[in-house]
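Colleague: Sequence and predicted structure below; questions after.
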Amino acid sequence: MRRPFSMRRIPAPATVAAALALLAAGCTSPPQEGSAGSLGTDRKPVEIRVLANDAFAKQWQDKLVPRFREEYPNIKVRVDGLPYDDQLPKTMLDLTGVKPTYDIVLADDPWIPRLAESGALLDLRKDSVGKFTDKAYDWDDFTPSDLAAGQAQGHQYAVPVRTNLMLMFYNKALYKKAGVAEPDERTTWKQYLKDAGKLDQDTDGDGKKDSWAVGTYFTKDPLTPTIWQSILNADGGQLMDSQHHVTFNNAKGVKALQTHVDLLKHAPPGASTYQFNEPLEAFRQGRTATMFMWGSVYKGTALDKASTKLAPGDVGITTMPAGSAGPSTHRGIWSAAVTKKSPHQAAAWTFLQWVTSKKGEKWAGAHLGSFPARRSTLAAPPAAWLGPVYDAIKKGDKAVQAGKMYRPRLPESDAVQQILALQTSRAMSGETSAKGALDQAEEDMSKLLAAKGYDQ
């Protein structure tokens, strides 16, 4: 059987500081300008390139990079963004090329085992960049589940730079108008679906329904199955067991998928094509009372007047409805890795350390709306608008760890998601039943895993 995959400020980038770091590691001479250990100089700065997702690449380039360069002016950072569906194949091509373009690559939660299998990533705790890790970095401060997203084969290939959870947003005014109590982590899927009929309503009194209960992923998309899986996990179900046998095609799996299908009855017209942007826009315009979406969109949904009609007092946030085992949610962590062929490994790791340090993480949370991966950040008093968000994250983190609420941790994870996306979309469209969709998904996944050498 194939084995499963299971601040103190960083020293200033002066040549003397770099020399001291190397001497402490047993080296006898300082890094040369342009070497992998160089943090740059005024005369010859270092430039590193980062491959990220276009959902936040521009935000990083425009806001995060200038803040970093206030402390490290000799490290230039260029962030390139790609659409989600293009990012994994582009990253694999770059990592396996003779001369890769990028020093740092960002990966969604399930991609790290695949990228690690290429042999192109540094172990951030054991390889050459380890000597550039500040003593105050505090690896143990990370939430275990968040840190684990960057691990594969017993190595720490990446660190969490943009933590995320699937959460439930709700419009307080629409709940009040419908006469429905606001949800919390105790609200069950049964209660939610019962309330959904009331949340489909005519808000302006013209006799026509103009607001609906829910918006979320419904169409064929790699992330659509995360909704169904969240419901399944909350009932104690899993996609696979430890031996990679499919375990979702049972009563719990069918019930969970049917619940996802039934949500479509309480969504706006045309919601069968909803991916990421459509439910987000519908909620921000007051057309839906609830939205099951990645929590990182909270800032743009409740505070950014350029993108939303809502204000912080209008938006509630909590975990998704509960099943028999507890609340629903799903982990979606973006982790960042340093490439082995990078000519500027020390500068790349310096940038990632700053982003994921206690100081950097706090700044990113307050200014970018990023979720924290450090326990100390979650425990500290946040900015006022972040209070409800951090409360939801804490509850969600507990659910993630208890219910293993994340996508498969194996190199074939992307292929698995494609199978699940196709088959769940067939159930959404009415082409087949929830049971029929899971029958075919089980068959296709079992063939895929057997072909890759897993015991079936």
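Modeller: That came through, no problem. Numbering: from 1, shown residues only.

Colleague: distance of residue 304 from residue 268?
Modeller: Distance, residue 304 to residue 268, using CB to CB, to the nearest Å: 22 Å. Backbone N, C-alpha and C define where each C-beta goes, glycine included.

Colleague: again but with residue 285, I slipped
Modeller: Distance of residue 285 to residue 268, given as CB to CB: 10 Å.

Colleague: Neighbour count for those two, which is higher?
Modeller: Taking other CB atoms under 10 Å, residue 285 and residue 268 do not tie; residue 268 has more neighbours (19 against 12).

Colleague: Does the more buried one lie in a helix or a strand, and which?
Modeller: For residue 268, there is no host helix or strand (DSSP states H and E).

Colleague: Not counting sequence-adjacent ones, nearest residue to it?
Modeller: Nearest residue to residue 268 in three dimensions, chain neighbours excluded: residue 212, at 4.9 Å (CB to CB, 6 or more residues apart in numbering).

Colleague: Dig out what the one you found forms beta bridges with.
Modeller: Beta-bridge partners recorded for residue 212 (DSSP bridges): residue 288.

Colleague: That one: neighbour count?
Modeller: Neighbour tally, residue 212, other CB under 10 Å: 22.

Colleague: which ones are touching it?
Modeller: Residue 212 makes contact with 199, 200, 266, 267, 268, 271, 287, 288, 289 under the criterion CB atoms under 8 Å, 6 or more residues apart in numbering.

Colleague: again, 7 Å this time
Modeller: 200, 266, 267, 268, 287, 288 (CB atoms under 7 Å, 6 or more residues apart in numbering).

Colleague: Farthest pair within those residues?
Modeller: 266 and 287 (12.2 Å; CB to CB).

Colleague: Mind listing residues that contact stretch 239-255?
Modeller: For stretch 239-255, contacts defined as CB under 7 Å, 6+ apart pick out 4, 229, 232, 235, 237-238, 408, 434-435, 438-439, 442, 445-446, 449, 454-456.

Colleague: List only buried entries from the residues you listed.
Modeller: The neighbour count (16 or more other CB atoms under 10 Å) marks 229, 232, 235, 237-238, 408, 434-435, 438, 442, 445-446, 449, 454 as buried among these.

Colleague: Of those residues, which is the nearest to residue 72?
Modeller: Ranked by distance to residue 72 (CB to CB), the buried ones among the contacts of stretch 239-255 are led by residue 408 at 37.1 Å.

Colleague: was I right about residue 95 contacting residue 115?
Modeller: Yes. Counting by CB atoms under 7 Å, residue 95 does reach residue 115; the two are 6.5 Å apart.

Colleague: These two: which is more packed in?
Modeller: A direct count of neighbours by other CB under 10 Å for residue 95 and residue 115 places residue 115 higher, at 23 against 20.

Colleague: Can you report how many residues neighbour residue 200?
Modeller: 19.

Colleague: Tell me which residues touch it, please.
Modeller: By CB under 7 Å, 6+ apart, the residues touching residue 200 are 209, 212, 213, 266.

Colleague: 10 Å - rerun?
Modeller: Residues near residue 200 by CB atoms under 10 Å, 6 or more residues apart in numbering: 178, 209-214, 265-268, 288-289.

Colleague: Now which of the residues you listed would you call buried?
Modeller: Neighbour-count burial (16+ other CB under 10 Å) applied to the contacts of residue 200 gives 178, 211, 212, 213, 214, 266, 267, 268, 288, 289.

Colleague: Touching, the second one and residue 289? I think so.
Modeller: Yes. Counting by CB atoms under 10 Å, residue 211 sits close enough to residue 289 to count as a contact (6.5 Å).

Colleague: Mutual contacts of the two, please.
Modeller: Each of 171, 173, 174, 177, 178, 199, 200, 201, 203 lies in contact with both residue 211 and residue 289 under the rule CB under 10 Å, 6+ apart.

Colleague: okay, the fourth one: pLDDT?
Modeller: The predicted local confidence for residue 177 comes out at a pLDDT of 96.

Colleague: Out of the buried ones among the contacts of residue 200, which comes closest to residue 424?
Modeller: Closest to residue 424, out of all of the buried ones among the contacts of residue 200 and judged by CB to CB, is residue 267, at 15.3 Å.

Colleague: buried stuff in stretch 315-325?
Modeller: Applying 16+ other CB under 10 Å to stretch 315-325 flags 315, 316, 317, 318, 319, 320, 321, 322, 323 as buried.

Colleague: C-alpha coordinates for the helix or strand containing the third one, CSV please?
Modeller: Right, residue 317. Using DSSP H and E, residue 317 maps to strand 315-318. Only the C-alpha atoms of strand 315-318 are listed here, as CSV (Å, rounded to 0.1, in the frame of the first residue of the first chain):
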residue,chain,number,x,y,z
VAL,A,315,-23.7,41.4,9.0
GLY,A,316,-23.6,38.5,11.4
ILE,A,317,-21.1,35.7,11.1
THR,A,318,-20.9,32.2,12.7
